[in-house]
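# Sequence and computational prediction follow.
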Amino acid sequence: MKVEYIAPFAEAAVGVFEALIGMTPERGQLKVSPSMNTMQQINVVCGLTGQLEGIVVYGMSMITADKIASKMLGQPVITFDALAASAIAELGNMVSGHSSARLASLGYECDITPPTIIRGLNVSISTTDIPAIQIPLELPDLGVFELSVSLRQRVSLAAA
């Protein structure tokens, strides 16, 4: 997977966190794996279609999701309810939307799918045929927001 596919997501995530909650996350060590795999409690999954295809997963612990949603909503989130889930889904949607605009500026026209939240303990999300790069973003006092990108350039049907 090309680094130019990943950078727009990391840049967009930082920009969205700065705009939404006034906080600049610290990027952690990149991790490359042969397929997408996350074991977070709360995961926002967004698909990407167009010249690039694949998925992006934004994962975090339940505690981190509650704290981020509290900041976004301007009120404490005690239980991860429908309102908190909506806020976290919108966070994923915003990062994906900004990322697709950045990819378009690089010449990759892409569309994003609506975000889906997958919630629970010991849930594994995996893709088997596209390598993944994970970037942990540390949010002081909130926790880790794990950005996992698994993209490839679409093979043209005419070339197949």
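Nice, thanks for sending it over.
# So what are the sheet partners of the least confident helix or strand in the chain by mean pLDDT and their directions?
Using mean pLDDT, DSSP states H and E, strand 125-126 stands out as the lowest-scoring helix or strand of the chain, at a mean of 72. Strand pairing for strand 125-126, using DSSP bridges, gives strand 37-38 (antiparallel).
# Give me the distance between the helix or strand following the strand it pairs with and the centre of its chain.
Using DSSP states H and E, the helix or strand that directly follows strand 37-38 along the chain is strand 42-50. A distance of 7 Å separates the centroid of the chain from that of strand 42-50, by C-alpha atoms, centre = their mean, to the nearest Å.
# what's the angle from the longest helix seen in the chain to strand 42-50?
Ranked by residue count under DSSP state H, the longest helix found in the chain is helix 82-105. Here the directions of helix 82-105 and strand 42-50 differ by 30 degrees (axes from the mean of the first three to the mean of the last three C-alpha atoms, to 10 degrees).
# How far off centre is the least confident helix or strand of the chain?
13 Å.
# which residues touch the helix or strand that that strand is followed by?
Per DSSP H and E, strand 125-126 leads on to strand 132-139 as the next helix or strand towards the C-terminus. Strand 132-139 has contacts (C-beta atoms under 8 Å, 6 or more residues apart in numbering) with 1, 6, 9-10, 13-14, 17, 23, 25-38, 64, 68, 144-150. For every residue, glycine as well, the C-beta is placed using N, CA and C.
# By residue count, tell me the biggest strand in the protein.
strand 143-153 (DSSP state E).
# circling back to that earlier point, just checking: what are the partner strands of the helix or strand that comes right after the longest helix of the chain?
Downstream of helix 82-105, the first helix or strand assigned by DSSP H and E is strand 110-112. Here strand 110-112 is paired, per DSSP bridges, with strand 42-50 (antiparallel).
# Counting neighbours, which bits of the partner strand end up buried?
I42, N43, V44, V45, C46, G47, L48 (16 or more other C-beta atoms under 10 Å).
# if we can go back for a sec, just want the angle from the longest strand of the chain to helix 82-105.
Inter-element angle recorded for strand 143-153 and helix 82-105: 40 degrees (by the same axes, to 10 degrees).
# tilt between strand 143-153 and strand 132-139?
Angle, strand 143-153 to strand 132-139, by the same axes, to 10 degrees: 150 degrees.
# so where is the chain shaky, pLDDT-wise?
1, 128, 156-160 (pLDDT under 70).
# Share the number of residues neighbouring the residue lying closest to K67 once chain neighbours are set aside, please.
Nearest non-adjacent residue to K67, counting by C-beta to C-beta, 6 or more residues apart in numbering: L142, 4.5 Å away. Counted with other C-beta atoms under 10 Å, the neighbours of L142 add up to 22.
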